[in-house]
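Chemist: next one to model:
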Amino acid sequence: MAATTTAAEPTTFLRLDTQSAHYKWLVAGIVLVAGATQTFAGTSVNIIIPRLMSAFGTDLGTTQWVATAFLLTRTLVMPLLGWLGGILGNRNMFVAIMIGFIVTSAGCGLATNLPMMIAFRLIQGLVLGSMEGLTAVILVGAFPARQRGLALGLRAIGWSAGQVVFYALGGYLVEQISWRLIFFLGIPSALIAAGGGLLILPQHREYKGEPVDYLGLMALATFLVPLLLAISFGRDSNTETSTLVLLGLSALTGGCLFILRELLAPYPVVNLHMFRVPVFRLICITAFLNNLGLFGALFM
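Modeler: Numbering: from 1, shown residues only. Predicted coordinates for the structure are as follows:
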């Protein structure tokens, strides 16, 4: 039963005082576990690509879609964070994401062929797409304004700790037992995060009735999908030049349509006007270069 609170206070399943000094550390602990768990999905495939190629008899260009598919759908879902949080509530959304991670990770670990694994990775990207932003929202809501930098720093510790554990333990399991265990490695921590989130996290639901910019999402997909296909096929010397040109033109057209749609839409899925703010623009450029180098290095 939810705790009895005033109208201004969020509710929790346990009888917790959300205004107490120690409550924010409970929230931070759950978010740290979830952040560490998320790294299992984001980087799990990178160290087993050669194993997948051997197990399923595929080449590098095909096998890399196990990683690319996850990043593609994850990107498409990111802009829906506010809408989904308003519909489901932050706590319910957090728990649903953790449960979705468990199901899709098990599906990947039990996959009998590469298309099946890619399908589960596509779903996993859809499930985890909002997680990064959601954990930031939860932490910012739990910590006072003067400690929000500390809160977001703690979230980064969760990611880093997850990678340290993953590459040490995961590498051992791959070498000594089976590559399939990589996908099961994050399930215990996901169960802990889901249970802790259900019992401890506050429930916020602020649905404002704003519609989803489905046309904007479709335009974003028409940009990203052909772009990634062109990059993937471009490494193959057997790919026709006309195919690459067609994909490139499709990506260019999709990108232009996306920009035009977002500039004109009353409720854009990505508010491009934010890029007029110099600090925001610089942060986005820095984040792009950071992820470009990080994921490129991890894949190598």
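
Chemist: next one: phi and psi at R180?
Modeler: Torsion angles at R180 (phi, psi; degrees, to the nearest 10) stand at phi -60, psi -30.

Chemist: count the residues that sit near the closest residue to it other than its chain neighbours.
Modeler: Spatial nearest neighbour of R180, excluding adjacent residues (C-beta to C-beta, 6 or more residues apart in numbering): G109 at 4.7 Å. In this view, the C-beta of every residue, glycine as well, is placed from N, C-alpha and C. Residues near G109, counting by other C-beta atoms under 10 Å, number 19.

Chemist: use 9 as the first number for this chain going forward.
Modeler: Done: numbering now begins at 9, and the last item shifts to G117.

Chemist: just list the residues touching G117, thanks.
Modeler: R188, L189, I190, F191, F192 (C-beta atoms under 8 Å, 6 or more residues apart in numbering).

Chemist: and it, what's its pLDDT?
Modeler: Looking at G117, its pLDDT is 90.

Chemist: pLDDT at the closest residue to G179 other than its chain neighbours, what is it?
Modeler: Nearest non-adjacent residue to G179, counting by C-beta to C-beta, 6+ apart: I55, 6.3 Å away. As predicted, I55 sits at a pLDDT of 79.

Chemist: pretty sure I55 contacts L189?
Modeler: No - taking C-beta atoms under 8 Å as the definition, I55 is not a contact partner of L189, at 11.9 Å.

Chemist: in the strand or helix carrying I239, what counts as buried?
Modeler: Assessed by DSSP states H and E, I239 sits inside helix 222-242. By 16 or more other C-beta atoms under 10 Å, the buried positions in helix 222-242 come out as 224-240.

Chemist: please save the CA atoms from that helix in PDB.
Modeler: In PDB, the C-alpha atoms belonging to helix 222-242 read as follows (Å, rounded to 0.1, in the frame of the first residue of the first chain):
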ATOM      1  CA  TYR A 222       5.000  10.700 -35.000                       C
ATOM      2  CA  LEU A 223       5.900  12.300 -38.300                       C
ATOM      3  CA  GLY A 224       9.100  13.700 -36.700                       C
ATOM      4  CA  LEU A 225      10.000  10.200 -35.500                       C
ATOM      5  CA  MET A 226       9.400   8.700 -38.900                       C
ATOM      6  CA  ALA A 227      11.500  11.400 -40.500                       C
ATOM      7  CA  LEU A 228      14.300  10.700 -38.000                       C
ATOM      8  CA  ALA A 229      14.100   7.000 -38.900                       C
ATOM      9  CA  THR A 230      14.300   7.800 -42.700                       C
ATOM     10  CA  PHE A 231      17.600   9.600 -41.900                       C
ATOM     11  CA  LEU A 232      19.200   7.200 -39.600                       C
ATOM     12  CA  VAL A 233      18.400   3.900 -41.200                       C
ATOM     13  CA  PRO A 234      19.700   4.600 -44.700                       C
ATOM     14  CA  LEU A 235      22.700   6.400 -43.200                       C
ATOM     15  CA  LEU A 236      23.700   3.300 -41.100                       C
ATOM     16  CA  LEU A 237      23.000   1.000 -44.100                       C
ATOM     17  CA  ALA A 238      25.300   3.100 -46.300                       C
ATOM     18  CA  ILE A 239      28.100   3.000 -43.700                       C
ATOM     19  CA  SER A 240      27.600  -0.800 -43.300                       C
ATOM     20  CA  PHE A 241      27.500  -1.600 -47.000                       C
ATOM     21  CA  GLY A 242      30.200   0.800 -47.800                       C
END
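
Chemist: what is the very next helix or strand once past it packed up against?
Modeler: Remark: after helix 222-242, the chain's next helix or strand is helix 249-272, criterion DSSP H and E. Judged by 3 or more C-beta pairs under 8 Å, 6 or more residues apart in numbering; DSSP states H and E, helix 249-272 is in contact with helix 222-242.
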